[in-house]
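Undergrad: after the sequence you'll find the predicted model.
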Amino acid sequence: MKKGIGLGLLLLVIGGGAGVVFSGAFASFIQYSNTLGFCISCHEMESTVYQEYKTTIHYKNPVGVRAVCSDCHVPHKSWIETVIFKVGATRELFYHMVGAIDTRAKFDAKRQELAEGVWAYLKASDSRTCRNCHSWKAMTLADQRKSIRVEHESAQKNGKTCIDCHKGIAHKTPWIKKEAAPASFNLQ
């Protein structure tokens, strides 16, 4: 009887230790996959959207705060949401392997569709990833230029979300369809 208990306890300790190691490795990889270096390791990203991003205020600004890809594209509030998002994002590995956007021409041809997918996600989540850094409560509207303040007050009153006006804030806006860019907000 004692031998069985001892073996069970040993297996429990080994299983628990293996679980801790696996969890730590998994969490470390998720954290690594949120780095800028990981995101631009595919030449599709490095030669296109990364080059645009480097010219924006999210990359370089007077206060030295940098938002990287995962700050805008990966949910932060829940590790479950993050893991679900990361699992869904693995489809991009398939597209990378089959060369779906491996040239500038292929990327540009698909750019509108890609952008609309990101915009739809942001709209559906009330621009949740934007709000990790930007919130109505933290904004000092009185310190904003009058035209911006008026737009922000209107957006707040009408329940608009960041992406309704701020398409093109970090990447070139692909206005392929004959849709007019909102002139006062397209910062590119």
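TA: Thanks, I have the structure now. Numbers count the residues shown, from 1 in each chain.
Undergrad: could you pull up the mean pLDDT of the longest helix anywhere in the chain?
TA: Ranked by number of residues, the top helix in the chain under DSSP state H is helix 2-32. For helix 2-32, mean pLDDT is 90.
Undergrad: over to stretch 151-163?
TA: 94.
Undergrad: got the CA positions of that stretch in PDB?
TA: These are the backbone C-alpha positions of stretch 151-163, laid out as PDB (Å, rounded to 0.1, in the frame of the first residue of the first chain):
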ATOM      1  CA  GLU A 151     -14.200  65.600 -33.600                       C
ATOM      2  CA  HIS A 152     -13.400  63.700 -30.400                       C
ATOM      3  CA  GLU A 153     -16.400  65.200 -28.600                       C
ATOM      4  CA  SER A 154     -18.700  64.300 -31.500                       C
ATOM      5  CA  ALA A 155     -17.200  60.800 -31.600                       C
ATOM      6  CA  GLN A 156     -17.700  60.300 -27.900                       C
ATOM      7  CA  LYS A 157     -21.200  61.600 -28.000                       C
ATOM      8  CA  ASN A 158     -22.100  59.400 -31.100                       C
ATOM      9  CA  GLY A 159     -20.500  56.200 -29.800                       C
ATOM     10  CA  LYS A 160     -17.800  56.100 -32.500                       C
ATOM     11  CA  THR A 161     -14.600  54.100 -31.900                       C
ATOM     12  CA  CYS A 162     -11.000  54.900 -32.800                       C
ATOM     13  CA  ILE A 163     -10.900  53.000 -36.100                       C
END
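Undergrad: the longest helix of the chain - contacts with which helices or strands?
TA: Packing partners of helix 2-32 (3 or more CB pairs under 8 Å, 6 or more residues apart in numbering; DSSP states H and E): helix 79-89. Where you see a C-beta, it was placed from the backbone N, CA and C, and this is true even at glycine.
Undergrad: could you pull out the buried residues of the helix it packs on?
TA: Neighbour-count burial for helix 79-89 flags 82, 86 (criterion: 16 or more other CB atoms under 10 Å).
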